[in-house]
Structures are given as C-alpha cells and as structure tokens.
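Q: model the structure of this input:
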Amino acid sequence: MSSPLTHLAGASASALGGYVARLGAGAVLALGLVLGGCGNPVIDAEIEALGGEAEGVAPGEFHRPGQPCALCHNDYPGEDPLMAVAGTVFADPVSFHPVEGAEVILYDAVGQIFRKETNCIGNFFWTRDEADPQFPFAVEVRCPTYNTDGTPKTDPTGKPIFKVKAMGSWVSRDRSCAGCHSLTGRQLDSTGWIYCNTQQEAATNPYPPIAETCAGKPPRQKGAASE
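A: Numbering: from 1, shown residues only. The predicted structure is shown next:
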C-alpha cells in the first residue's frame with residue numbers, strides 16, 4: 001500500500017504548500033524527514049571543519065590525534081566503531097608531541113573503573129562494546145616519567161614510576177575529551193589539550209621521539225589536522 005507522501009516528489013510548490021497546510025505538526029516533521037533526509041547540519045558542519053585525513057595516515061586508531069573522536073564515532077553519523085570515550089595525551093602545553101604508554105583511568109558515577117593505555121600517537125579510546133561509563137565521571141592520567149638521558153624512571157624494584165594528572169572537575173556530557181580539551185589551546189571554550197608535563201618539567205622529563213614504526217602523525221599546528 002503506497003503512502004500519499006510518495007506522490008509528492010514531483011509536486012509544484014503551490015500544491016505542496018496546500019498539502020502541508022492540511023497536515024498537523026507531527027506529519028509535517030515526517031514529511032520533512034522523507035523529502036529532506038535525516039542529517040544533522042550542526043554535526044555535519046563540525047565534522048567538515050576538521051578537514052581531511054593526514055597524508056599517508058589511514059583512518060583507524062592512529063589517525064586524527066587531538067580531534068574529537070566521538071564526533072564521528074557516535075550514534076550520528078555512526079562511524080564504526082562507536083566510542084564510549086576517546087582522547088589524546090600530549091607531552092606538554094606548548095607542543096603536540098604525543099605520549100605513548102600513559103594510563104588513562106576513568107571512574108564513573110556507579111563505581112565502575114576503566115583503564116586504557118595510550119598508543120604511539122597518544123590516542124586512547126573505549127568502544128561501546130568495551131565500556132559503558134555512566135556520566136558524570138572522573139578521569140586521571142598516569143604519565144610515564146623519564147630521566148634526562150631519556151631512560152624510563154623506575155623504583156628500586158624496577159617498576160616504572162608514573163606521575164598522576166587528575167582532572168579538577170567531572171566529565172558530565174561529552175564522549176570526546178577534545179570537546180573541551182581542544183587543539184586551539186586555552187580559550188574561552190577550551191581548557192587546552194591534555195598534557196603530562198608543565199613547560200618547566202619538559203627538560204627534566206623528556207618524552208622519547210615518536211616511534212618510526214608508528215602509523216600516526218601529530219597535529220601540525222593549533223586547531224589543525226595532523227601533518
């Protein structure tokens with residue numbers, strides 16, 4: 001059985017206007033979805049503003065460090081995999097040098113604890129299949145530490161020494177850390193990207209270069225895609 005809406009594709013503006021005038025608000029909304037699609041122009045514009053992929057970097061766990069992962073990996077537009085929480089950890093507040101091997105710990109509102117380690121480009125994420133953290137939640141980052149010669153710091157038993165960077169507030173709404181910790185740095189709408197060292201600590205806790213085998217590239221400048 002065909003719907004009356006299927007006959008409107010070629011209707012004139014006056015005929016369509018007359019038809020809409022006889023519809024209720026709910027039916028008008030349904031008509032708009034049928035004729036105009038189900039996109040979200042606000043999200044679409046935000047995704048477009050991120051720019052293209054970095055040259056030589058394929059979509060995957062190493063792409064787009066520092067960008068809002070869940071903007072695409074969410075119910076809309078539904079990019080696979082859907083992500084529960086995602087972000088990137090950098091070395092300091094003035095560079096985009098990624099930190100590999102940082103442990104990100106999430107404590108949610110119902111007592112669940114989730115742990116994830118950053119990859120070679122600093123990215124970390126939980127898929128919806130892995131975790132379902134309940135808002136609001138607290139987050140801390142256990143940053144690896146290094147001697148001035150670049151060797152990892154360890155305690156007398158040989159275990160690596162970490163320093164803890166804890167958020168001063170709850171995460172209450174955004175699955176993307178970069179929703180607030182954006183690549184634009186400290187602005188009215190951003191607290192700056194997530195980092196392990198202060199500028200003063202950078203010389204005494206130098207993070208190693210990005211591994212040559214790493215499939216990702218760091219962002220090239222504030223607010224931009226990767227190199």
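Q: drop to CA atoms for contacts and neighbour counts, all remaining ones
A: Noted.
Q: not counting residues beside it along the chain, what's closest to Pro59?
A: Sequence neighbours aside, Glu53 is the residue nearest to Pro59 in space, at 7.5 Å (criterion: CA to CA, 6 or more residues apart in numbering).
Q: quick one: the one you found and His63, what's the gap?
A: According to CA to CA, to the nearest Å, Glu53 stands 8 Å off from His63.
Q: so which of these two has more stuff around it?
A: His63 (23 against 14; other CA atoms under 10 Å).
Q: quick check, that one in a strand?
A: No: counting by DSSP: H, G, I helix; E, B strand; the rest coil, His63 is not found in a strand; it is coil.
Q: now do the nearest residue to it once chain neighbours are set aside, the pLDDT please.
A: Take His63 and drop its neighbours on the chain: the residue closest to it by CA to CA, 6+ apart is Gly216, 5.7 Å away. Gly216 is assigned 97 on the pLDDT scale.
Q: just Val141 next, same as before
A: Looking at Val141, its pLDDT reads 98.
Q: before we move on, back to that, now the residue nearest to His63: how far from Phe114?
A: Counting by CA to CA, the gap from Gly216 to Phe114 is 24 Å.
Q: one step back: got the contact list for the residue nearest to His63?
A: By CA atoms under 8 Å, 6 or more residues apart in numbering, the contact list for Gly216 reads Val57, Phe62, His63, Cys120, Ile121.
Q: what's the helix or strand for it?
A: Remark: Gly216 resides in no helix or strand, with elements defined by DSSP states H and E.
Q: quick check: the gap between Glu55 and Ala102.
A: Separation of Glu55 from Ala102 (CA to CA) stands at 26 Å.
Q: ok, Gly52 next?
A: Computed with CA to CA, the distance linking Gly52 and Ala102 is 27 Å.
Q: looking at the two, which is more packed in?
A: Ala102 (27 against 12).
Q: OK, contacts around that one?
A: So Ala102 contacts Val89, Glu117, Thr118, Gly122, Val141, Arg142, Cys143, Pro144 (CA under 8 Å, 6+ apart).
Q: ok, which stretches of the protein are strands?
A: Along the chain, counting by DSSP state E, strands occupy 83-88, 103-107, 113-117, 123-127, 138-144, 162-166, 186-187, 190-191.
Q: and Asp174, how many neighbours?
A: Using other CA under 10 Å, Asp174 has 17 neighbouring residues.
Q: return the distance of it relative to Asn74.
A: In this view, Asp174 and Asn74 are 11 Å apart by CA to CA.
Q: which of the contacts of Gly216 lies closest to Ile47?
A: His63 (14.4 Å; CA to CA).
Q: confidence-wise, which helix or strand of the protein is lowest on average?
A: Across the helices and strands of the chain, mean pLDDT, DSSP states H and E gives its lowest value to helix 25-36, namely a mean of 45.
Q: okay, now the unreliable bits of the protein?
A: For the chain, residues meeting the criterion pLDDT under 70 lie at 1-38, 221-227.
Q: where along it do the helices fall?
A: 13-21, 25-36, 41-49 (DSSP state H).
Q: and Ala211, what does it touch?
A: Cys120.
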